[in-house]
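A.B. asks: starting from these lines, generate the structure:
(one chain, ligands or ions: 2)
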Amino acid sequence: MRRKLKAVIFDLDGVITDTSEYHYRAWKRLADEEGIPFTRDDNDKLRGVSRGECLKILLKEKQVSDEKFQEIMNRKNEYYVELLGQMTSKNILSGAKELVLGLKRRGIKTAIASVSKNTRTVLQGTGIEDLFDVIVDGYSVKNTKPAPDIFLFAAKELGVKPEDCAVVEDAEAGIDAALAGNMLPIGIGPEERAGKARYRFEKTGDITLTKLLEIINF
Ligand code: B16
Ligand code: MG
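C.D. replies: Ligands and ions are numbered 1, 2, ... in the order given. Got it, this is the predicted structure:
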């Protein structure tokens, strides 16, 4: 029989906040400037993927110099950060805050593990910087999702074994990372994206505290 899990690690973009819309708008503005076709479906492939990897996906076979690559990445980030300036607590996905508070009341540890280098800005802008026990971000580890490193680092910071952690993720790369780290993946989103997770919900608001407690206490 499996023991009770001791911690839940949350991804940020697409799980706790609706910032994926801002990522989409920033990439779209950049793609239009560069004459690269880019749709909302294309944006789904960029979920949970680091900024540099996103640009490689966007460019496909198109070759650019290292300087140009860096310049495009910086420009995308400028557009994204500009949009983050509009953020308020309204950008927290429905039910997310209540879920984390409920876990904490029951003594279950919580962390944010996001590959975004803007994690702190997003948490500050939405007013939830103090909600989590641990925050790890795009600066914490070298290998990003689907490598398990970011989740393993979060578990270490929480003082919990990887096998005692559940991970809530909206990206295929993040679900793969949780599996590679021997953690219990809970997917958010459609079957095509989150189908590899052990449990799946269409949106964060569908995970009630009761359901989550059942999952981690099985
Ligand atoms: P930045 P997550 C990810 O956040 C996003 O899903 C992904 O689209 C983005 O490219 C990545 O962060 C890097 O973000 O450009 O701000 O460093 O899902 O891991 O919370
Ligand atoms: Mg995400």
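A.B. asks: quick one: name whatever helix or strand follows the helix or strand of the chain at the bottom of the mean pLDDT ranking.
C.D. replies: Lowest mean confidence among the helices and strands of the chain (mean pLDDT, DSSP states H and E): helix 40-44, at a mean of 91. Heading C-terminal from helix 40-44, the first helix or strand you meet, by DSSP states H and E, is helix 51-59.
A.B. asks: avg pLDDT for that following helix?
C.D. replies: Averaging pLDDT along helix 51-59 yields 95.
A.B. asks: ok, residues contacting it?
C.D. replies: For helix 51-59, contacts defined as C-beta atoms under 8 Å, 6 or more residues apart in numbering pick out 27, 31, 36, 38, 42, 45-46, 49, 69, 72-73, 76-77, 117, 138, 144. Just so you know, the C-beta spots here come from the backbone N, C-alpha and C atoms, and that holds for glycine as well.
A.B. asks: ok, 7 Å please
C.D. replies: 27, 31, 36, 38, 45, 46, 49, 69, 72, 73, 76, 77 (C-beta atoms under 7 Å, 6 or more residues apart in numbering).
A.B. asks: how much space separates the first one from residue 210?
C.D. replies: Taken as C-beta to C-beta, to the nearest Å, the spacing of residue 27 relative to residue 210 amounts to 37 Å.
A.B. asks: out of these two, which sits in the more crowded spot?
C.D. replies: Set residue 27 next to residue 210 and count neighbours by other C-beta atoms under 10 Å: residue 27 wins out with 23 against 9.
A.B. asks: and the more buried one, what does it touch?
C.D. replies: 38, 43, 46, 58, 76.
A.B. asks: quick one, phi psi at it?
C.D. replies: phi -70, psi -40 (degrees, to the nearest 10).
A.B. asks: pLDDT score for the closest residue to residue 12 other than its chain neighbours?
C.D. replies: Among residues not flanking residue 12 along the chain, residue 114 sits closest, at 3.7 Å (C-beta to C-beta, 6 or more residues apart in numbering). pLDDT recorded at residue 114 is 97.
A.B. asks: let me see the contact set for residue 114.
C.D. replies: Neighbouring residues of residue 114 by C-beta under 7 Å, 6+ apart: 11, 12, 13, 137.
A.B. asks: which SS state does residue 38 fall under?
C.D. replies: What DSSP: H, G, I helix; E, B strand; the rest coil gives for residue 38 is coil.
A.B. asks: how close does the residue lying closest to it once chain neighbours are set aside get to residue 167?
C.D. replies: Nearest residue to residue 38 in three dimensions, chain neighbours excluded: residue 31, at 3.6 Å (C-beta to C-beta, 6+ apart). Computed as C-beta to C-beta, the residue 31 to residue 167 distance reads 30 Å.
A.B. asks: of these two, who's got more company?
C.D. replies: Using other C-beta under 10 Å, the more surrounded residue of residue 31 and residue 167 is residue 167, with 31 against 19.
A.B. asks: show the contacting residues for residue 152.
C.D. replies: Residue 152 makes contacts with 162, 181, as judged by C-beta under 7 Å, 6+ apart.
A.B. asks: how about the residues of the chain by ligand 1?
C.D. replies: Within reach of ligand 1 by C-beta under 6 Å from any ligand atom, the chain has these residues: 11-14, 23, 46-51, 54, 77, 114-118, 138, 171.
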